[in-house]
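S.K.: 3D, please:
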Amino acid sequence: MGIRHFFAATAGLVALGLAWPLIAQQQDAPPEDEARGRDGQVRLLYWQAPSTLNPYLSGGVKDIEAASLTLEPLARYDETGKLVPWLARVIPTRVNGGISADLTRITWSLRQGVTWSDGSPFTARDVVFTWRYCTADGAGCAQRDAFADVADVSALDDHTVEIAFTGPKPFPYAPFVGAQAPILQAAQFKDCLGPAAPGCTEANFAPLGTGPFTVAEFRTNDVVRFTANPRYRTPGKPAFAEVLLKGGGSAAEAARTVLETGEFDYAWNLQLPPDLLSRMEAHGKGRAVVGFGTLVERLAINFTDPDPAHGAARATRAHPHPILSDPAVREALSLAIDPATLVAVGYGAAGRVTCNLLPAPPLYASSANDACLEQDMAAARARLEEAGWTDSDGDGTRDKDGRPLRLMLQTSTNSVRQDFQMILKQWWARIGIKTELRNIDASVFFGSDAASPDTFQKFHADLEMFAGNFPGTDPESYLEGWTCDAAPTPENQWQGANVGRWCDPAYDALAEELSRTPGLEARAAIARAMNDMLVQNRVVIPLVNRGRLSAHANDLGGVVMNSWDSELWNIADWHRLK
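M.R.: Okay, the predicted model is just below:
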């Protein structure tokens, strides 16, 4: 699936009510149908095992996607990047009266007749509660950026929700939109506000939902068993009676179980060398599917000191990083990288070279960083020399003021990422930087345990590599993830997207300006400027624009790869081909 220019042309217009005619109201349907569950079990292998089924307590894609079988948002993005109603009846616009003339309020009309899996009615009060849950003091909500600039959420009646913003909000579709911001049942989570949230194990591991499946069994970091929701609103769906979502292993093992042995029906996130994937596909049991969007493999730079000698203040802004606070070192790291080689080695046709964190839609892609396309070892060495990093003792590693230029690079355990680690280590060695490599089990690295020292958000290393993207086609909430307040800290239970703890008031000012700016062209210009600040300051170093690559069995029908939302966004439509 390629990126269509349509995405860019319409993403901002819909906010102003100038694009996409009023979407027809979806008809509510009886909950029961004899054809539901007719196809037995479907088996999914997510080699990064889920650690929670509450996406508000984890920024990990593995947790968000697992939860999406049960929990649903008001709206989400389809495979083309178009915003479509889900628990809402229509997408609010200025044309249909859903967005106020002054852009300070958006009103959602909810589908009627929808029930939670326990049979209780889904109402506007659940939506209001979800906002209170995520924004409660001490909650450590991983999705708090989705509710930036929200002043109030109120239930006008059982099926109407009004969101009031602190000022004009030209793109008001972040709250309750996409798999990362679904609705929680107020009755189930009522005692889980603020600091109590992580301790609500029963609710976090088995949330009641409105989706096509319910949680029957969850063994954290291992397996989730879902059963068809008997009260799901669409007759005959889901076709499968049970979903077995197994976690753990490796990307190669996951691919093998679908493409070679046929033990599983779907394998997620196949970050594998292209030649290996081709050999597996040759067995004829399944096929790989790819969708390009905004997913970027990147290096995050730690601007704080992860030295354990700092105790509780380790990796906090109380202690700036003694090496990476120097912009010359960050620039040299970037100059030594050849992104085309990384694409060829790690992804082949499933990867693209990018110099940006916003590679798509096209209108948001900056051309100001194209120098990254060419590796420049000489410039990298010269930059370090100018900054006083020299090899004073001739051991091949530069030093300055008695401190050697040694860094630790950590990432999740994965064959492609380990290949990238080795390549980066070799490149950096050529410019006098010594690199220690560390890999962590993906379920732990992307996990939600605030007590673990090994999560990517706690970032107890100098550099770390992972991938990230944003749902839909407007990057406002995504870019807010690098504001000063978005840093994970002990006070917010290490939740937040700004894992490097970088802070620049000028960037925060641009984020505020973007939140108030209407007009697609004007918004894109600010977004590009924010992207450029992140890239040119080497807050992050983009490596590859990755396609979302998974595989499914040849007899599994209904799968529509979606790079803009959860890959499981339409699992209610999946079925077994006869």
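
S.K.: Is P542 bridged to anything, and to what?
M.R.: Beta-bridge pairing of P542 under DSSP bridges involves R298.

S.K.: Report the contact partners of the spatially closest residue to G432 that is not a sequence neighbour.
M.R.: Counting by Cβ to Cβ, 6 or more residues apart in numbering, the nearest residue to G432 once its immediate chain neighbours are dropped is R398, at 3.8 Å. Any C-beta I mention is one placed from the backbone N, CA and C, and that applies to glycine too. R398 makes contact with L384, W389, T390, D391, P404, L405, G432, I433, according to Cβ atoms under 8 Å, 6 or more residues apart in numbering.

S.K.: per-residue confidence for R398?
M.R.: The score at R398 is 98. That number is its pLDDT.

S.K.: One more: K578?
M.R.: Model confidence at K578 (pLDDT) stands at 86.

S.K.: Check V215 too.
M.R.: The predicted local confidence for V215 is 98.

S.K.: ditto for the one 3 residues further on
M.R.: In the predicted model, F218 carries a pLDDT score of 97.

S.K.: before we move on, what about T435?
M.R.: The per-residue pLDDT reported for T435 equals 98.

S.K.: tell me how far whatever helix or strand it lives in is from the chain's mean position?
M.R.: Element membership for T435 (DSSP states H and E) is strand 434-440. On the basis of Cα atoms, centre = their mean, to the nearest Å, strand 434-440 is displaced by 24 Å from the centre of the chain it belongs to.

S.K.: mind saving the C-alpha coords of it as PDB?
M.R.: Output in PDB follows, covering the C-alpha atoms of strand 434-440 (Å, rounded to 0.1, in the frame of the first residue of the first chain):
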ATOM      1  CA  LYS A 434      33.400   3.000  21.000                       C
ATOM      2  CA  THR A 435      30.000   1.400  21.300                       C
ATOM      3  CA  GLU A 436      28.700  -1.200  23.800                       C
ATOM      4  CA  LEU A 437      25.700  -3.100  22.500                       C
ATOM      5  CA  ARG A 438      22.800  -4.300  24.600                       C
ATOM      6  CA  ASN A 439      19.600  -6.000  23.600                       C
ATOM      7  CA  ILE A 440      16.500  -6.600  25.700                       C
END
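
S.K.: which residues sit against that strand?
M.R.: Under the criterion Cβ under 8 Å, 6+ apart, residues 396-397, 404-414, 417-418, 421-422, 424-425, 428-429, 454, 461 lie in contact with strand 434-440.

S.K.: and those residues, which of them are in strands?
M.R.: With DSSP state E as the criterion, strands contain P404, R406, L407, M408, L409, Q410, T411, S412 from among these.

S.K.: Out of those, which end up buried?
M.R.: For those, a neighbour count by 16 or more other Cβ atoms under 10 Å gives the buried set as P404, L407, L409, Q410, T411, S412.

S.K.: Find the nearest non-adjacent residue to the fifth one, please.
M.R.: Distances taken as Cβ to Cβ, 6+ apart place M465 nearest to T411, at 4.0 Å, with adjacent residues excluded.

S.K.: so what's the one you found bridging to?
M.R.: Checking M465 by DSSP bridges, which sets the bridge assignment, gives partners L299, T411.

S.K.: how about it, what does it touch?
M.R.: Residues touching M465, when contacts are defined by Cβ under 8 Å, 6+ apart, comprise E297, R298, L299, A300, L409, Q410, T411, R417, F420, Q421, L543.

S.K.: for P490, same thing?
M.R.: A312, T316.

S.K.: got the phi/psi numbers for it?
M.R.: Summarising the backbone geometry of P490 under the convention degrees, to the nearest 10, its torsions are phi -60, psi -30.

S.K.: Would you mind measuring from it to P320?
M.R.: The gap separating P490 from P320 is 17 Å, by Cβ to Cβ, to the nearest Å.

S.K.: now the contacts of R398: which count as buried?
M.R.: Among the contacts of R398, those buried by neighbour count (16+ other Cβ under 10 Å) are L384, W389, P404, L405, G432, I433.

S.K.: In which helix or strand does D508 reside?
M.R.: For D508, the host element (DSSP H and E) is helix 505-516.

S.K.: what's the closest non-adjacent residue to the residue lying farthest from the centre of the chain?
M.R.: Here the chain has its C-alpha centre computed as a mean, and the residue farthest from that point, by Cα atoms, centre = their mean, is D393 with 44.1 Å. Once flanking residues are discounted, D393 sits nearest to D399: 7.3 Å by Cβ to Cβ, 6+ apart.

S.K.: Report the beta-bridge partners for T390.
M.R.: Beta-bridge pairing of T390, defined through DSSP bridges, involves D399.

S.K.: wait, doesn't it sit right on K400?
M.R.: Yes: in terms of Cβ atoms under 8 Å, T390 counts as a neighbour of K400; the distance is 7.3 Å.

S.K.: Identify the residues contacting A379.
M.R.: Contacts for A379 were tallied using Cβ under 8 Å, 6+ apart; they are L335.

S.K.: Can you classify it by secondary structure?
M.R.: Using DSSP: H, G, I helix; E, B strand; the rest coil, the structure places A379 in helix.

S.K.: Please report how far it lies from G500.
M.R.: As it turns out, when the distance is counted by Cβ to Cβ, A379 lies 23 Å from G500.

S.K.: Report pLDDT for A139.
M.R.: A139 is assigned a predicted lDDT (pLDDT) of 84.

S.K.: Check A511 too.
M.R.: The per-residue pLDDT reported for A511 equals 96.

S.K.: Now for it: which residues touch it?
M.R.: By Cβ under 8 Å, 6+ apart, the contact set of A511 is L479, E480, T483, M530.

S.K.: Mark which of these are buried, thanks.
M.R.: Buried members of the contacts of A511, counted by 16+ other Cβ under 10 Å: L479, E480, T483, M530.

S.K.: The second one against Q143, yeah?
M.R.: No: under the criterion of Cβ under 8 Å, E480 makes no contact with Q143, lying 11.4 Å away.

S.K.: one step back: switch the contacts of A511 over to JSON lines; also include pLDDT and distance to A187.
M.R.: Output for the contacts of A511, formatted as JSON lines (pLDDT from 0 to 100; distance: Cβ to Cβ, whole Å):
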{"residue": "L479", "pLDDT": "96", "distance to A187": "35"}
{"residue": "E480", "pLDDT": "95", "distance to A187": "31"}
{"residue": "T483", "pLDDT": "97", "distance to A187": "34"}
{"residue": "M530", "pLDDT": "98", "distance to A187": "40"}
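
S.K.: Restricted to helices, list the buried ones among the contacts of A511.
M.R.: When helices are assigned by DSSP state H, the members of those inside them are L479, M530.

S.K.: For A179, state which of the buried ones among the contacts of A511 is nearest.
M.R.: The shortest separation between A179 and any of the buried ones among the contacts of A511 is 18.2 Å, and it belongs to E480 (by Cβ to Cβ).

S.K.: How about the contacts made by the closest residue to the closest one other than its chain neighbours?
M.R.: Spatially, and ignoring its direct neighbours in sequence, E480 is nearest to D145 (4.7 Å; Cβ to Cβ, 6+ apart). In this structure, D145 makes contact with A174, S477, Y478, E480, G481, A486, A497, judged by Cβ under 8 Å, 6+ apart.

S.K.: roughly how far apart are D145 and T135?
M.R.: Remark: distance between D145 and T135 (Cβ to Cβ) = 11 Å.

S.K.: show me where the stretch 151-300 of the chain has strands.
M.R.: When secondary structure is read from DSSP state E, counting those that start in this stretch, the stretch 151-300 of the chain shows strands at 160-165, 213-219, 223-228, 242-247, 266-267, 286-301.

S.K.: distance between the third one and the chain's centre?
M.R.: Going back to what we said before, that points to strand 223-228. Centroid separation for strand 223-228 versus its chain: 23 Å, with Cα atoms, centre = their mean.

S.K.: Paired strands for it, with orientation please.
M.R.: Taking DSSP bridges as the criterion, strand 223-228 pairs within the sheet with strand 213-219 (antiparallel), strand 242-247 (antiparallel).

S.K.: out of the buried ones among the ones in strands among the contacts of strand 434-440, which one sits closest to V329?
M.R.: Comparing those against V329 with Cβ to Cβ places L407 closest, at 8.5 Å.

S.K.: which residues touch that closest one?
M.R.: Contacts here follow Cβ under 8 Å, 6+ apart; on that basis L407 touches I323, L324, W428, I433, K434, T435, E436, D462, L463.
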